[in-house]
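Asker: here you go, sequence then predicted model.
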Amino acid sequence: MSQAAVTVVGIGADGWPGLAPGSQEALRRAEVIVGGPRQLDLLPPDCAGERVAWPSPLRPAVPGLLAAHAGRRVCVLASGDPMFFGIGRTLVDALGTADGLRVLPHPSSVSYACARLGWPLDDTEVRSLVGRPLGALSAALHPGRRLLVLSAGADTPAEVAALLRDRGFGPSPLTVLEQLGGAHERRVEGTADDWHHAPGDALNVIAVDCRRADDALRLPLTPGLPDEAFEHDGQLTKRHVRAATLAALAPAPGELLWDIGGGSGSIGIEWMRAHRSCRAVSVERDPVRAARVARNAEALGVPALRVVTGAAPAGLAGLPTPDAVFIGGGLTAPGLLTACWDALPAGGRLVANTVTLESEALLTDRYRRHGGDLTRLTVAHAVPVGGFTGWRQAMPVTQWSVVKPAEGETDA
């Protein structure tokens, strides 16, 4: 279909009267108007185009729906700003380009919420729970931060309050802003600890002024979360070694990590916490540990972490190309190091940790062949020794880290 035939019109709770003249004219001229039932009901009778409600699930239906109305003037209704957690992105993905896609935005619910609360928009974290897991909100919880949550429905405020209590943020004040900009705008206030309000309007935004309980565990942004943040059976890359490992892996936005020998999932989880667009696959052969990895990912705000239950290298088959690979276990498995090296593109990073002499010998051989850095990490903790204090040494960890050179370049 002609891309210029698609106009996206943002509409708010104020409906037709709140639209700019250009948006109203586009809707009057449209031959087909696509939107949610609530949005379509906001239009007057003189918008005479054929009205089409979005099917569910929405995203996979978009290409076929656009193709079915090829050659006609199509208007797509969106809530607020179509390019802010809205249908605009889905349409660009479906069309393959933004060229010719006309977008007429309306003030977003986030802009309205910040105006009502007096919060600076540029200093407010925004997360959407529309079609996204509740657990992802955990990664955005930090004392003193202000957070706006785009709600999935009337039950979302109670679900958010329960998550805040579970994550140690029960003292946080909550404000639910309903029907922002509309005639029935309403606000409901309380704290997560004492949230007992009945579900209200499904069209709402939740404002959270993050306050951590005194006894809650502090979870920083930097690599090296406290070991007690993870459920584990002892198979855990400990805090100080984990921080050094993440530094060597060097996560960047949008990159994908293979975490092989997931254990508790700590490396993959912290990789994904580095940026909300970071992705990770944890490969763990033990089903009990694989389930534990998934629970830790949910609790620490990265429920999108993919868990593959199986032994490497066989379990790597069919996985998307990684930007980095971490091997925390199974180094002596035949073909594992070679499979990981071959899977990496030029510029990809490989980091492997071990505490055994047998695996250290393998890493030393790879270091001779490919270069990189071969490092021994030692950590000691002060412990009581009778009436005195002494050092208790943890097992030293040998770490090999390397960047794969471009084809034709000489290995270091």
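Answerer: Nice, I can see it.

Asker: count the neighbours of the closest residue in space to F230 that isn't next to it in sequence for me.
Answerer: Closest residue in space to F230, ignoring its immediate chain neighbours: S264 at 4.8 Å, by CB to CB, 6 or more residues apart in numbering. Every residue, glycine included, has its C-beta placed from N, CA and C. For S264, the count of nearby residues is 25 (other CB atoms under 10 Å).

Asker: I'd say D209 and R146 touch.
Answerer: Yes - taking CB atoms under 8 Å as the definition, D209 is a contact partner of R146 at 5.8 Å.

Asker: circling back: got the contact list for the residue nearest to F230?
Answerer: S264 makes contacts with 230-233, 235-236, 289, 292-293, 296, as judged by CB atoms under 8 Å, 6 or more residues apart in numbering.

Asker: test my guess that L344 contacts P322.
Answerer: Yes - with contacts counted by CB under 8 Å, L344 reaches P322, the gap being 6.5 Å.

Asker: who's more crowded, the two?
Answerer: Neighbours of L344 and P322, each counted by other CB under 10 Å, are more numerous for P322; the result is 24 against 19.

Asker: so what sits opposite the residue lying closest to the more buried one once chain neighbours are set aside in the bridge?
Answerer: Nearest residue to P322 in three dimensions, chain neighbours excluded: W258, at 4.4 Å (CB to CB, 6+ apart). Using DSSP bridges, the bridge partners assigned to W258 are V281, V325.

Asker: now do G170, the pLDDT please.
Answerer: Looking at G170, its pLDDT is 98.

Asker: ok, the closest residue to E255 other than its chain neighbours to V308 distance?
Answerer: Leaving out its chain neighbours, the residue that sits closest to E255 by CB to CB, 6+ apart is D323, at 3.9 Å. Counting by CB to CB, to the nearest Å, the gap from D323 to V308 is 17 Å.

Asker: ok, A250 next?
Answerer: In this view, A250 and V308 are 23 Å apart by CB to CB.

Asker: and the two? Which one has more around it.
Answerer: V308 (21 against 15).

Asker: may I ask which helix or strand encompasses that one?
Answerer: For V308, the element it lies in under DSSP states H and E is strand 306-309.

Asker: and that strand, how far from the chain's centre?
Answerer: 17 Å (CA atoms, centre = their mean, to the nearest Å).

Asker: and it, which strands flank it?
Answerer: strand 279-284 (parallel).

Asker: by pLDDT, give me the weakest of the contacts of S264.
Answerer: Among the contacts of S264, Q235 has the weakest pLDDT, 87.

Asker: next up, the contacts around that residue.
Answerer: Contacts of Q235 by CB under 8 Å, 6+ apart are 263-264, 289, 329.

Asker: give me the distance between the residue nearest the centre of the chain and P251.
Answerer: Residue closest to the mean C-alpha point of the chain, counted by CA atoms, centre = their mean, is R276 at 4.1 Å. Using CB to CB, R276 is found at 12 Å from P251.

Asker: repeat for R295
Answerer: 22 Å.

Asker: looking only at neighbour counts, state which of these two leads.
Answerer: Taking other CB under 10 Å, R295 and P251 do not tie; P251 has more neighbours (23 against 15).

Asker: nearest residue to A98 in space, please, no chain neighbours.
Answerer: For A98, the spatially nearest residue (CB to CB, 6+ apart) is V92, at 5.0 Å.

Asker: which helices and strands does the one helix or strand that neighbour maps to pack with?
Answerer: Using DSSP H and E, V92 sits in helix 87-95. Other elements packing on helix 87-95 under the criterion 3 or more CB pairs under 8 Å, 6 or more residues apart in numbering; DSSP states H and E are strand 6-11, helix 62-68, strand 74-79.

Asker: how about the ones you listed, which one is nearest G371?
Answerer: The stretch from the helices and strands packed on helix 87-95 with the least distance to G371 (CB to CB) is helix 62-68; that distance is 46.6 Å.

Asker: contact partners of that closest one?
Answerer: 1, 6, 34, 52, 54-55, 74, 90-91, 94-95.

Asker: give the buried residues for that helix.
Answerer: In terms of neighbour count (16 or more other CB atoms under 10 Å), helix 62-68 has its buried residues at 62, 65-66.

Asker: in contact with R132, which residues?
Answerer: A152.

Asker: how about it, phi and psi?
Answerer: Note on R132: its backbone torsions stand at phi -130, psi 150 [degrees, to the nearest 10].

Asker: what stretches of the stretch 51-200 of the chain score poorly on pLDDT?
Answerer: 100 (pLDDT under 70).

Asker: quick one, strands of it?
Answerer: 74-79, 102-104, 125-128, 146-150, 173-178, 186-191 (DSSP state E, counting those that start in this stretch).

Asker: okay if I get these as TSV plus distance to W391 and mean neighbour count?
Answerer: Compiled in TSV, the strands of the stretch 51-200 of the chain are given as follows (distance: least, CB to CB, whole Å; neighbours: other CB atoms under 10 Å):
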stretch	distance to W391	mean neighbour count
strand 74-79	59	25
strand 102-104	62	18
strand 125-128	41	17
strand 146-150	42	22
strand 173-178	45	21
strand 186-191	45	15
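
Asker: closest one to V355 among those?
Answerer: Between the strands of the stretch 51-200 of the chain, strand 125-128 lies closest to V355; by CB to CB that is 38.7 Å.

Asker: show me the contact partners of that closest one.
Answerer: For strand 125-128, using CB under 8 Å, 6+ apart, the contacting residues are 85, 110, 136-137, 140, 145-150.

Asker: list the strands paired with that strand, with their directions.
Answerer: strand 146-150 (parallel).

Asker: for R276 and P251, list the residues in contact with both.
Answerer: Joint contacts of R276 and P251 (CB under 8 Å, 6+ apart) do not exist.

Asker: can I see the domain layout of this structure?
Answerer: Domain segmentation of the chain under automatic domain parsing yields 3-106, 110-209, 227-403.

Asker: show me how far the first one is from its chain's centre.
Answerer: Spelled out, it's domain 3-106. That offset, for domain 3-106, works out to 27 Å (CA atoms, centre = their mean).
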